[in-house]
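> pasting the sequence and the predicted coordinates here, then a few questions.
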Protein chains: 2
Amino acid sequence: MPKDLLRRDLAEEVTARVLDGRLAADSRVNEVHLARELGVSRTPLREAMIGLADRGLLVSAPGRGFLVPAFDLAEARRLYPLVAELEALGLRWTSPEDLTGVTDGLDRIADEMAAACTASADLSEMDDRWHTLLLSRCTNSHLLRLIAQTKPLLKRYDTSYFGGPERALESVEEHRRIAELIRASDLPAASALLVRNWVKTVAFLGTGD
Amino acid sequence: MPKDLLRRDLAEEVTARVLDGRLAADSRVNEVHLARELGVSRTPLREAMIGLADRGLLVSAPGRGFLVPAFDLAEARRLYPLVAELEALGLRWTSPEDLTGVTDGLDRIADEMAAACTASADLSEMDDRWHTLLLSRCTNSHLLRLIAQTKPLLKRYDTSYFGGPERALESVEEHRRIAELIRASDLPAASALLVRNWVKTVAFLGTGD
DNA sequence: TACGACTCAACTGCATGCAATACTGTGGAC
DNA sequence: GTCCACAGTATTGCATGCAGTTGAGTCGTA
């Protein structure tokens, strides 16, 4: 009973390995070794990697298989604004009525984050939840798909909260103000602030390689 | 010598068949039949279709293979603004200096289109060339990838010039004004007009089905 | 030592094989 | 006539097989 496809799980697993570096940046992926390690055959693994290559998380090199792209800070600096604009679009295209149902939840997550800031717990995961909830009422499935495909790329460079607790608290404060603007039905202002929130993050990207 | 991958060609071929209806909307794709017809094995064909499913041109149904999505005008109406905003973003993120090199080319294509309007020739192809040239200096590769992946979806509903020659001429006129605004280095205005140009097109989508 | 041709194992890309699931069509109960 | 159960075929998803290419290592030459 193929309730779920093996290639889906494998895509997740390979994504995780690219993001945490178990598949090293700027190196080739050995299909045979990886398939053996994962206990599957090469076919579904290749299928998974083809999907990831389509999203830019891997690069397909004809005759040489798949490569994990090298880190490229210039790319990262372009990636953040891109995700920012996509999310802002999603926000602007959500009906204000539908958004009223999420503001309380947004604030609740913001509270969690504020509490966790000092403990420097897994803020990234909460941040994800916040953004996901924000867009949960958007009905433009294609836009949501683009966002979902692009965000993982950004995670490779995810230093969102390396700015330290003060930066994190600042970000949480912005989150709260966004929710406030949504309550006031001022979506343009909310999405503009959302973009600024994202773009500020870029400033905390390292400058070296 | 795998200079080119079979799955690339197959993805193009399958895309063409979805767009022109040789693979009927709202139906399943039979891998065996299609592979035989194309003279290849199922493996590279499946690989190609997985990529297309990732882009939304096909739908993956576990245990049932791949489906050609049904036409959905509500989706189309959301797709046009999406592509519009993505292109506008690409334009805004292109440096004005680099754009000076393309305005003449843009006008040349506009002239071609104006001439072809009465003949109702392949305006769609020229329109594509115009938009491609417009974004040719944009360096945000990920944004370009998203655009390239999304446009084919839109082509299924492509009635861009079914508005008749008068609408086509209007569109060409807008193209010219966009080029003019670019010459004046007014990218915000140019991209705003670009969005309006796209959005107007939606008005010509059928109302039935 | 630096460079280039050659050898051979390793790997990729595509084809084929196979087990499990999904669909079609028939027959029977109501 | 309609609905449901069942049998057989068709089809998918994954595993395996195979030919051609890539690339590491070796040897020989300058």
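Sure thing, it's come through.
> quick one: stretch A:142-152 near chain B?
Yes - among the residues of stretch A:142-152, A:142-143, A:145-146, A:149-150 lie within reach of chain B under C-beta under 8 Å from any C-beta of the partner chain. Placement of C-beta: from N, CA and C, glycine included.
> how far does that stretch sit from the chain's center?
Taking C-alpha atoms, centre = their mean, to the nearest Å, one finds stretch A:142-152 lying 8 Å from the centre of the chain it belongs to.
> residues in contact with A:Q149?
Contact analysis of A:Q149 by C-beta atoms under 8 Å, 6 or more residues apart in numbering or on different chains lists A:55, B:54.
> got a pLDDT number for it?
For A:Q149, the model assigns a pLDDT of 96.
> secondary structure element holding it?
Per DSSP states H and E: A:Q149 is located in helix A:141-155.
> quick check: what element follows that helix along the chain?
Next helix or strand after helix A:141-155 toward the C-terminus (DSSP H and E): helix A:164-183.
> return the distance of that next one from the chain's centre.
Counting by C-alpha atoms, centre = their mean, helix A:164-183 is centred 18 Å from the centre of its parent chain.
> any residues of chain A in contact with DNA strand C? List them.
A:1-2, A:28-33, A:42-43, A:46, A:60-66 (C-beta under 7 Å from any atom of the strand).
> go again using 6 Å as the cut-off
Within chain A, the positions adjacent to DNA strand C are A:1-2, A:29-32, A:43, A:62-65 by C-beta under 6 Å from any atom of the strand.
> could you tell me which of those belong to strands?
Taking DSSP state E as the definition of strands, the residues of chain A next to DNA strand C contribute A:29, A:65.
> and the residues of chain A next to DNA strand C, which is closest to B:A11?
A:P62 (13.7 Å; C-beta to C-beta).
> return the helix holding A:Q149 as CSV; C-alpha atoms alone will do.
C-alpha atoms of helix A:141-155 as CSV (Å, rounded to 0.1, in the frame of the first residue of the first chain):
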residue,chain,number,x,y,z
SER,A,141,-1.6,27.6,-4.2
HIS,A,142,1.1,28.3,-6.8
LEU,A,143,2.5,31.1,-4.8
LEU,A,144,2.6,28.9,-1.7
ARG,A,145,4.4,26.2,-3.7
LEU,A,146,7.0,28.7,-4.8
ILE,A,147,7.5,29.8,-1.2
ALA,A,148,7.7,26.3,0.1
GLN,A,149,10.3,25.4,-2.6
THR,A,150,12.4,28.5,-2.0
LYS,A,151,12.6,28.6,1.7
PRO,A,152,14.8,25.5,2.1
LEU,A,153,17.4,27.1,-0.1
LEU,A,154,17.5,29.9,2.4
LYS,A,155,17.9,27.6,5.3
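> what's the angle from that helix to helix B:141-155?
Angle, helix A:141-155 to helix B:141-155, by axes from the mean of the first three to the mean of the last three C-alpha atoms, to 10 degrees: 160 degrees.
> how about helix A:141-155: buried residues?
A:142-147, A:149-155 (16 or more other C-beta atoms under 10 Å in any protein chain shown).
> again with stretch A:36-43
Within stretch A:36-43, the residues scored as buried using 16+ other C-beta under 10 Å are A:38, A:40.
> which other residues reach it?
Under C-beta under 8 Å, 6+ apart, the answer for stretch A:36-43 is A:6, A:10, A:13, A:31-32, A:35, A:45, B:43.
> now stretch A:122-129
The contact list for stretch A:122-129 (C-beta under 8 Å, 6+ apart) reads A:109, A:112-113, A:116-117, A:158, A:160-161, A:168, A:171.
> just to revisit the earlier point, by neighbours, which of the contacts of stretch A:36-43 wins?
Among those, the one with the most neighbours (other C-beta atoms under 10 Å in any protein chain shown) is A:L45, at 25 neighbours.
> if I look at A:V195, how far off is DNA strand D?
From A:V195 across to DNA strand D, the span is 39 Å (C-beta to the nearest atom of the strand, to the nearest Å).
> can you tell me if the helix or strand hosting that residue touches chain B.
Assigned by DSSP H and E, A:V195 falls within helix A:187-202. No - using C-beta under 8 Å from any C-beta, helix A:187-202 stays clear of chain B, coming no nearer than 11.3 Å.
> how far is stretch A:70-84 from where the chain is centred?
The chain centre lies 12 Å from the centre of stretch A:70-84; the measure is C-alpha atoms, centre = their mean.
> show me what from chain A comes close to chain B.
So chain A meets chain B at A:2-5, A:7, A:43, A:46-47, A:50-51, A:54-56, A:60, A:62-63, A:75, A:78-79, A:81-82, A:85, A:89, A:93, A:139-143, A:145-146, A:149-150, A:153 (C-beta under 8 Å from any C-beta).
> from those residues, which land in helices?
With DSSP state H as the criterion, helices contain A:7, A:43, A:46-47, A:50-51, A:54-55, A:75, A:78-79, A:81-82, A:85, A:89, A:141-143, A:145-146, A:149-150, A:153 from among those.
> residues touching the closest residue in space to A:L99 that isn't next to it in sequence, list them.
Closest residue in space to A:L99, ignoring its immediate chain neighbours: A:I182 at 5.1 Å, by C-beta to C-beta, 6 or more residues apart in numbering or on different chains. Contact partners of A:I182, counting by C-beta under 8 Å, 6+ apart, are A:96, A:99-100, A:102-103, A:106, A:190.
> of these, grab the buried ones for PyMOL.
Here is the PyMOL command that selects the buried residues among these (16+ other C-beta under 10 Å):
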select buried, chain A and resi 99+102+103+106+190
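> which of the contacts of A:I182 fall in strands?
Among the contacts of A:I182, no member falls in strands (DSSP E).
> sorry, back to before: and the helix holding A:V195, what's buried?
Buried residues in helix A:187-202, counting neighbours by 16+ other C-beta under 10 Å, are found at A:187, A:190-195, A:197-198, A:200-202.
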